[in-house]
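S.K.: Sequence and predicted structure below; questions after.
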Amino acid sequence: MKKTDLKKFAGLEYLTIKDVPIRSSKHGDVIDVNYGKLERMAAKFILQQKIPIRGKEIKLLRSVTRMSMAELGKALGVSANAVMHWEKEGDKRLLPINEMIVRAFFCSELEVEFPKCFDDLKSNLKRAKKILLKAS
């Protein structure tokens, strides 16, 4: 079976998913795996590894949970415009208080253990390091 690597997965410059099965179709090669499962795997990894949350990560997390901006805003106690602003500022890290609330919410939604200590959430990283996830 042919395989490929998906670089900059979900628009995240640091994330590559390796060994993704592909198959031939009349339109060319296509991914032969559930894309939603890859997104979910990436989202859980972002939360587990305490990768800084920016607009791009919010967009992925929202996609995985199939939430609209309005639904996420309501769940977090902010407006849909606030969520839209975060996503629009794709490379800008959220303020620490907003990041903690977003992280706590999505950890709950995706059944990922939330860090027990505030210091575990603090990070001086401006960007995540290169990450390789295996598709299988």
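M.R.: Thanks, I have the structure now. Being a predicted model, the structure only gives us computed values, none of them experimental. Numbers count the residues shown, from 1 in each chain.

S.K.: CA atoms for contacts and neighbours, from now on please.
M.R.: OK.

S.K.: How much space separates the closest residue to Arg93 other than its chain neighbours from His85?
M.R.: Among residues not flanking Arg93 along the chain, Arg54 sits closest, at 4.3 Å (CA to CA, 6 or more residues apart in numbering). Noted for Arg54: a distance of 11 Å to His85, by CA to CA, to the nearest Å.

S.K.: and what of Lys7?
M.R.: 26 Å.

S.K.: what's the single longest strand in this structure?
M.R.: Counting by DSSP state E, the longest strand found in the chain is strand 15-25.

S.K.: in that one, what's buried?
M.R.: 15-18, 20-22 (16 or more other CA atoms under 10 Å).

S.K.: same thing with stretch 93-102?
M.R.: Residues 93-94, 99-100, 102 are the ones in stretch 93-102 that count as buried (16+ other CA under 10 Å).
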